[in-house]
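>>> Any chance you can model this:
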Amino acid sequence: MRLTPTNTDPNGSGRSAHEELPEKSTAPDGEAISRSDGAFSGDLVTTRGGAVGGSLMSATSKSAPTPAFVHVAPRSMPLPVLIAVPHAGRVYPGETLAQMRDAQLSQLRLEDRYIDRVGVETARATGTGLLVAQAPRAMLDLNRADDDVDWDMVAGPYRRTEKPQPRLSGSNARARSGLGLVPRRLPGFGEIWRSKLPREELDQRIDTIHRPYHEFLARELKRIRDAWGAALLIDLHSMPPLRRSPKNTGNGGGHLSPPPPQIVLGDRFGASCHSGLVTRAFRYLEGRGCAAAHNRPYAGGYVLDRHASPARNIHAIQVEVCRSTYLDDALSEPTDAVKPLVTMLAGLVRELGAETAGLGTGGQIAQAAE
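Next comes the predicted model:
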């Protein structure tokens, strides 16, 4: 199955959106990908879009903005799968760090710490496409709707001075918890920021990070679906270790329940993908002795709500990986455990890719639902 990338710059910047990678290239976060290494053995194409650091706050900076996201994929994909990593970005403008009350703590708590490195290795092993956000979650959460805003943290009017206007649908449930489009508070810590965010800065982040990322993601999933008849988005995240809860025996004593999940699969309670995909995923994980949970406590969020459409054969699963499976005891730095984790996840991706290909119909699907 051959996929030829389009030539559209998702940010409309006039730069070439697709560039041939050299023999040894740098993927998101500096991970080297070689054309002769693993499943990434053919021609690779990289796409860069959006901007981090092109904000009003850094208008006096002479340095060029960093792309908000990077996509890398072989021209000929062996599986109809796209791995996306929206929460591992670590490109922090100096102005953003200066506004944080405790930058180090906030980074550690908000980032899906180094899960992009797991994503890079998994994509390399399987030949899937890989989309990694470089914009940090602290600046803007790509798993939130663009109107899921805590307006009490914003200085300025609710309505934009220029089009397009936000939908203002009132869907700000996560914002009320402190973790909306721009995170405001952390449990046990409190306010993240020293001062309110100017409304113009919020608009700039939406226009240069949120909108380009989601527009590109939608196009890429459609392109894969059109080529294969079906497409699967694996939205890759990491989670803090879940607690093992005591289980009462009923005789006054107690014993520990089974180990907490190492992986949580979210499918929006069955709404974001064909049931056969989740069934196959759990069968695979069980066969490898990996404790896994379904939708609890993470069922998926805005990414799945926006991009999944099983009726159009575009499926999506959120995969949450426990940070203790690949980070050190401080949950700060990667360890040698990354390698066996990648091996297991690569096998999972191959299983789900084969299942997705089976859902396709040779690239011919009904267009009435478009």
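
>>> which residues touch the residue nearest to Ala337 when sequence neighbours are not counted?
If the residues on either side of it in the chain are set aside, Ala337 comes closest to Tyr326, at 4.9 Å by C-beta to C-beta, 6 or more residues apart in numbering. Quick note: C-beta positions are derived from backbone N, CA and C, even for glycine. Counting by C-beta atoms under 8 Å, 6 or more residues apart in numbering, Tyr326 touches 114, 118, 334-335, 337-338, 341.

>>> Please narrow these to those residing in helices.
118, 338, 341 (DSSP state H).

>>> which one of the residues you listed sits closest to Gly353?
The closest of those to Gly353 turns out to be Val118 (C-beta to C-beta; 17.1 Å).

>>> Is it correct that that closest one is in contact with Val342?
Yes. In this structure, Val118 is within contact of Val342 by C-beta atoms under 8 Å, at 6.0 Å.

>>> Looking only at neighbour counts, state which of these two leads.
Higher neighbour count among Val118 and Val342: Val118, with 24 against 21, using other C-beta atoms under 10 Å.

>>> contacting residues around that one?
When contacts are counted by C-beta under 8 Å, 6+ apart, Val118 touches 236, 238, 321, 326, 338, 341-342, 345.

>>> Near Leu331, how many other residues are there?
By other C-beta under 10 Å, neighbour count at Leu331 equals 17.

>>> ditto for Ile224
27.

>>> per-residue pLDDT, it?
The per-residue pLDDT reported for Ile224 equals 97.

>>> Helices along the stretch 1-150 of the chain, start to end?
Counting by DSSP state H, counting those that start in this stretch, residue ranges of the helices within the stretch 1-150 of the chain are 94-99, 103-110, 115-126.

>>> Show me which of the contacts of Tyr326 are buried.
114, 118, 334, 338, 341 (16 or more other C-beta atoms under 10 Å).

>>> What is the nearest of those to Arg185?
Tyr114 (24.0 Å).

>>> How about the closest one: what's its closest non-neighbour residue?
Tyr114 sits nearest to Pro334 (C-beta to C-beta, 6+ apart), 5.0 Å away.

>>> which ones are touching that neighbour?
By C-beta under 8 Å, 6+ apart, the residues touching Pro334 are 114, 117, 326-328.

>>> Where does pLDDT dip in the chain?
The chain contains residues with pLDDT under 70 at 1-42, 54-63, 159-177, 245-256, 361-370.

>>> Trp193 bridge partners, please.
As for beta bridges, Trp193 partners with Met100 under DSSP bridges.

>>> and it, how many neighbours?
Residues near Trp193, counting by other C-beta under 10 Å: 17.

>>> thinking again about what came up before, okay, the contacts of Val118 in CSV with distance to Asp141 next?
What follows is the contacts of Val118, written out as CSV (distance: C-beta to C-beta, whole Å):
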residue, distance to Asp141
Leu236, 15
Ser238, 15
Val321, 18
Tyr326, 22
Val338, 25
Leu341, 24
Val342, 26
Leu345, 23
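
>>> With respect to Gly270, which of the residues you listed is nearest?
Leu236 (20.3 Å).

>>> Show me what the helix or strand the closest one falls within is packed against.
With secondary structure defined by DSSP states H and E, Leu236 is part of strand 231-239. Contacts defined by 3 or more C-beta pairs under 8 Å, 6 or more residues apart in numbering; DSSP states H and E place strand 231-239 against strand 81-85, helix 115-126, helix 211-228, helix 302-307, strand 314-322, helix 338-359.
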